[in-house]
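Asks: predicted structure and sequence below. I'll ask about it afterward.
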Amino acid sequence: MNKQGLEMKQVSWGIIGAGRIAHQFAADMSYVDNSRLYAIAARDSKRAEAFKTQYDICQSYGDYDSLFNDENVDAIYIATPHNFHFEQAKAAILAGKAVLCEKPITISTEEAKVLYQLAKQKKVYLLEGMWTYFLPAIQQAKQWVKEGHIGNLMHIKADFGYPQPYEPNSREYAKELAGGCVYDMGVYPIAITQLFINETPISGFVTSHLAPNGIENDAAFIFEYENVTATLATSFRCKLQNWAYIIGDKGYIAIPDFWRASQCFLYQGDELISEFTDKRKSIGFNFEIEAAANDILAGKLSSNIVTEQMSLAFQARMEWIKSQINQ
């Protein structure tokens, strides 16, 4: 399909889940030309109807099967708690819908493998929603590294944490909802590391703090690669700095609030060499939506930006960290 064809057509999206991140996704749809938001499905039909009204979309459902079976929906964005992702993504794939599933795509490597294999069998597009990878500031940082501005990569430092009051039945802490800061926030430091070091660690170390119900609410982890050390952390106990540093033997890149990055800065020694700001008005989900829709309209089954191999690497790192915490 030519570029003109891509511009003329739109992907019709449905959303599963009407929580905070679904609202962010819906709000950013107005910044995307190749997509439209058509439907919302939530377990609470009143909540779905309110979402429909707020974003002036065509359809709302109080169950998920109706969305899966809606012939007007091309793609489904899954914005529910982590432990529901596998079954919901599986159902959407079996219904022939393209799937953009919020990170982490599943809560085990085995589940992720099953989904990717099923998507290939059914010839359906599947993407893990690691929206950070699509942000222009992150793409700029990658380009600086590729161009050799920081020399040979030596260290990555990244953390992501915000205080989350302890509530054992909440999405953040409930065991039955795959709670804990590693899946919820720790996936971001893990993902930014994987973006710049597409390797398997040689060794690792984990230290953690547990909430009263035994779910981790703070964790720090170090991964040793062949030539690089990654020092990472995540927390529900406190706000961390939430920056990422990509450090080489000639310079480094600083990325404020890297998970939602709008800026990045290139240093050599103590001197600021270059900086980038995307000046966006959106939250930033529009870059991911547009890229996914372009893939779908082009008939692709996967993304070149967040690949299956990367998703499986996220899962492997998180599984290993969890295994160390639960010893």
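Replies: Arrived safely. Please read these numbers as outputs of a predicted model, since none were measured by experiment.
Asks: going forward, measure contacts between C-alpha atoms and count neighbours the same way
Replies: Noted.
Asks: tell me which element S274 falls in.
Replies: If you go by DSSP states H and E, S274 is part of strand 271-277.
Asks: in that strand, what counts as buried?
Replies: F276 (16 or more other CA atoms under 10 Å).
Asks: where along this structure do the helices fall?
Replies: 3-8, 20-28, 45-55, 64-68, 85-94, 109-122, 136-146, 181, 187-196, 285-297, 308-325 (DSSP state H).
Asks: quick revisit: can I get the strand holding S274 in CSV? Just the C-alpha atoms.
Replies: Extracted C-alpha coordinates of strand 271-277, given in CSV (Å, rounded to 0.1, in the frame of the first residue of the first chain):
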residue,chain,number,x,y,z
GLU,A,271,29.5,20.3,28.6
LEU,A,272,26.0,20.2,27.2
ILE,A,273,26.5,19.5,23.5
SER,A,274,22.9,19.2,22.2
GLU,A,275,19.3,19.0,23.5
PHE,A,276,16.0,17.9,22.0
THR,A,277,12.4,18.8,23.0
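Asks: separation between N34 and L135?
Replies: Taking CA to CA, to the nearest Å as the measure, N34 falls 17 Å from L135.
Asks: nope, A92 is what I meant
Replies: Taken as CA to CA, the span from A92 to L135 is 26 Å.
Asks: and C58, by the same measure?
Replies: Distance, C58 to L135, by CA to CA: 29 Å.
Asks: those two: which has the busier surroundings?
Replies: Using other CA atoms under 10 Å, the more surrounded residue of C58 and L135 is L135, with 22 against 11.
Asks: dump the residue contacts of the more buried one.
Replies: Listed by CA atoms under 8 Å, 6 or more residues apart in numbering, the contact partners of L135 are 260-262, 284, 287-288.
Asks: same thing but at 6 Å, please
Replies: The neighbourhood of L135, defined by CA atoms under 6 Å, 6 or more residues apart in numbering, contains no residues.
Asks: and it, how far is that from T80?
Replies: Where T80 is concerned, L135 sits at a distance of 22 Å (CA to CA).
Asks: dump the residue contacts of Y225.
Replies: Going by CA under 6 Å, 6+ apart, Y225 touches 201-202.
Asks: change it to 10 Å
Replies: When contacts are counted by CA atoms under 10 Å, 6 or more residues apart in numbering, Y225 touches 154-155, 197-204.
Asks: likewise I57?
Replies: For I57, the contact set (CA under 10 Å, 6+ apart) comprises 14, 26, 36-40, 49, 51.
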